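S.K.: got a sequence here, can you model it:
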Amino acid sequence: MDRIICGDVGFGKTEVALRVMIKAVKSGFQVAMICPTTILANQHFQNFKERLKSLPIRIVILSRLQTRREQKEIIEDLKTGLIDVVVGTHRVLSKDIEFKTLGLLIIDDEQRFGVRQKEKLKKIRASLDILSLSATPIPRTLYSALSSLKSISLIQTPPAGRLPVKTFILPFSERIIKKAIEDEIRRGGQIYYLHNRVETIGGAKNFLEKLVPQTKFGIAHGRLKEKELIKVMADFQNRKIDVLVATTIIENGLDLPNVNTLIVADATRLGLAEAYQIRGRIGRSHIQASAFFLYGNHLPEKAEMRLNALKEAKELGSGYRIALKDLEIRGAGNILGKEQSGDINQVGLNLYCQMLSEAVDELRSSSPLAKARVIEKIKAKC
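M.R.: The predicted structure is shown next:
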């Protein structure tokens, strides 16, 4: 299997992954799940541990949160087969990690991993089943699925009671920010304020503290120490913080139903898929959520295209449509190379599609020697 599950945030991709995990373990295999951030790996680990507590399945987390001694024990137990499921970050890809019977690899938020990392994952074992999860696959991955190189499944049914997020694209304004924060706090909710520059994020927090006094603020970004970051997120989850001033670290998999307002300070800096993923961090309950994408004096043409596409994709389950639009805006990338987006080299989309489909059909019915020849032929043409 090399399948990608495409579904909006909160539509149940992780639930599918959990059930596949149990099926693999029951069949006698080990399972590895790779997440792009420690926060997300920790969240999955806690959820899975709770869900699997009544089953004879040993699940561990492997990330920078563990001490060297703990990591050494986990690595030894993976090698001897004492661990059934490991949830981790890039640490799982390290050279010192060996599995006894790895049968399934799950890649969460697939769009956050580079081509080299994915190839490295695949080399772990030739017969490995791979399940990728993403709300908005990168153009290269989506195009691989459309060209029959990968299998794709869509989850398009929203959870019961879920409401679409109201999306506003407006010039940057202190009045809008102040009103949005006050309205959310008045109804007992919390707010994400996205400021995607670590160097000036402290200044953004000071600006907000003056704008909306008597409001509790916290900061989250990738350069915080892991334990510090986990603590901030725990405080936010426990409602000790009203407004979390953060970078795009909030993009990945965080499930906080009480956060129902998002303010993006400079939306022109975000890619289309990234903006869609971040908007998906709010509106995860039956409460009406609002997202404010703000921009400065100048709105570049491509940024305007991205923001308009985001506004149009207001229905629940629009992730696949957003990914197709992203493919259209950015280009498909190089299927056999490292580029994840960009124009298809001088061939043209239709001809490229046709060549690729023919090659895939030929590969499926060929001997190993013939397959090698087909691959060389594709490389020569592309």
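S.K.: list the contacts of the nearest residue to residue 237 once chain neighbours are set aside.
M.R.: Nearest residue to residue 237, sequence neighbours excluded (CB to CB, 6 or more residues apart in numbering): residue 256, at 6.0 Å. C-beta coordinates here come from the backbone N, C-alpha and C atoms, glycine included. Applying CB atoms under 8 Å, 6 or more residues apart in numbering, one finds that residue 256 lies in contact with 190, 236, 237, 281, 284.
S.K.: among those, which are in helices?
M.R.: Applying DSSP state H to the contacts of residue 256, the entries found in helices are 236, 237.
S.K.: quick one, which of the contacts of residue 256 has the minimum pLDDT?
M.R.: Within the contacts of residue 256, residue 284 has the lowest pLDDT, namely 78.
S.K.: you'd agree that one is up against residue 255?
M.R.: Yes: taking CB atoms under 8 Å as the definition, residue 284 is a contact partner of residue 255 at 6.1 Å.
S.K.: which one of the two has more residues nearby?
M.R.: Under the neighbour definition other CB atoms under 10 Å, residue 284 and residue 255 were set side by side, and residue 284 has more, 20 against 14.
S.K.: OK, contacts around that one?
M.R.: By CB under 8 Å, 6+ apart, the contact list for residue 284 reads 9, 10, 162, 255, 256, 257, 259.
S.K.: could you single out the nearest of the contacts of residue 256 to residue 202?
M.R.: Nearest to residue 202 out of the contacts of residue 256 is residue 236 (CB to CB; 17.4 Å).
S.K.: so which residues of the stretch 101-250 of the chain form strands?
M.R.: Using DSSP state E, counting those that start in this stretch, the strands of the stretch 101-250 of the chain run over 102-107, 129-134, 151-155, 166-171, 190-194, 217-220, 243-246.
S.K.: and which of the contacts of residue 256 is nearest residue 294?
M.R.: Among the contacts of residue 256, and counting by CB to CB, the member closest to residue 294 is residue 281, at 16.7 Å.
S.K.: how near is that closest one to residue 68?
M.R.: Applying CB to CB, to the nearest Å, the value for residue 281 to residue 68 is 33 Å.
S.K.: these two: who's more crowded?
M.R.: Counted by other CB under 10 Å, residue 281 and residue 68 do not tie: residue 281 has more neighbours, with 25 against 7.
S.K.: quick check, the more buried one in contact with residue 250.
M.R.: Yes: counting by CB under 8 Å, residue 281 touches residue 250, with 5.6 Å between them.
S.K.: on that earlier part again, now distance to residue 153 too, for the contacts of residue 256, in TSV please.
M.R.: Shown next, in TSV, are the contacts of residue 256 (distance: CB to CB, whole Å):
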residue	distance to residue 153
190	33
236	33
237	31
281	23
284	22
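S.K.: now for the contacts of residue 256: which two are most distant?
M.R.: Spanning the widest gap among the contacts of residue 256 are 236 and 284, at 14.1 Å by CB to CB.
S.K.: list the contacts for residue 81?
M.R.: Residue 81 neighbours (CB under 8 Å, 6+ apart): 30, 100, 101.
S.K.: so what does it have for phi and psi?
M.R.: Here is the backbone geometry of residue 81 (degrees, to the nearest 10): phi 80, psi 10.
S.K.: what's the answer for residue 3, then?
M.R.: With angles defined as degrees, to the nearest 10, residue 3 sits at phi -120, psi 140.
S.K.: burial measure for it, as a count.
M.R.: Applying other CB under 10 Å, we find 15 residues neighbouring residue 3.
S.K.: what about the nearest residue to it once chain neighbours are set aside, how many neighbours?
M.R.: Among residues not flanking residue 3 along the chain, residue 151 sits closest, at 4.2 Å (CB to CB, 6+ apart). Each residue near residue 151 was counted by other CB under 10 Å, and the total is 13.
S.K.: do residue 171 as well
M.R.: With neighbours defined by other CB under 10 Å, the count for residue 171 comes to 10.
S.K.: next one: residue 127
M.R.: Using other CB under 10 Å: residue 127 sits among 6 other residues.
S.K.: so that it lines up with my notes, have the first residue be 44 from now on.
M.R.: Got it, the first residue is 44 from now on, which makes the last one we talked about residue 170.
S.K.: for it, give me the pLDDT.
M.R.: Listed pLDDT for residue 170 reads 72.
S.K.: quick check: the gap between it and residue 44.
M.R.: Residue 170 sits at a distance of 10 Å from residue 44 (criterion: CB to CB).
S.K.: thought residue 195 was touching residue 46?
M.R.: Yes: using CB under 8 Å, residue 195 is in contact with residue 46, at 7.0 Å.
S.K.: identify the residues contacting residue 75.
M.R.: Counting by CB under 8 Å, 6+ apart, residue 75 has contacts 128, 129, 131, 135, 142, 145, 147, 148, 149.
S.K.: any idea which of the residues you listed is closest to residue 255?
M.R.: Distances from residue 255 to those, taken by CB to CB, are shortest for residue 131, at 38.2 Å.
S.K.: for the closest one, give the beta-bridge partners.
M.R.: For residue 131, the beta-bridge partners under DSSP bridges are residue 77, residue 105.
S.K.: that older thread, between the strands of the stretch 144-293 of the chain, which gets nearest to residue 343?
M.R.: Taking CB to CB, strand 209-214 is the member of these nearest to residue 343, at 13.6 Å.
S.K.: quickly find the element holding residue 337.
M.R.: According to DSSP states H and E, residue 337 maps onto strand 333-338.
S.K.: packing partners for the helix or strand harbouring residue 354?
M.R.: Element membership of residue 354 [criterion: DSSP H and E] is helix 344-355. With contacts taken as 3 or more CB pairs under 8 Å, 6 or more residues apart in numbering; DSSP states H and E, helix 344-355 sits against strand 209-214, helix 315-322, strand 333-338, helix 362-373.
S.K.: mind doing that once more with 6 Å?
M.R.: The contact analysis (3 or more CB pairs under 6 Å, 6 or more residues apart in numbering; DSSP states H and E) places helix 344-355 against strand 209-214, helix 315-322.
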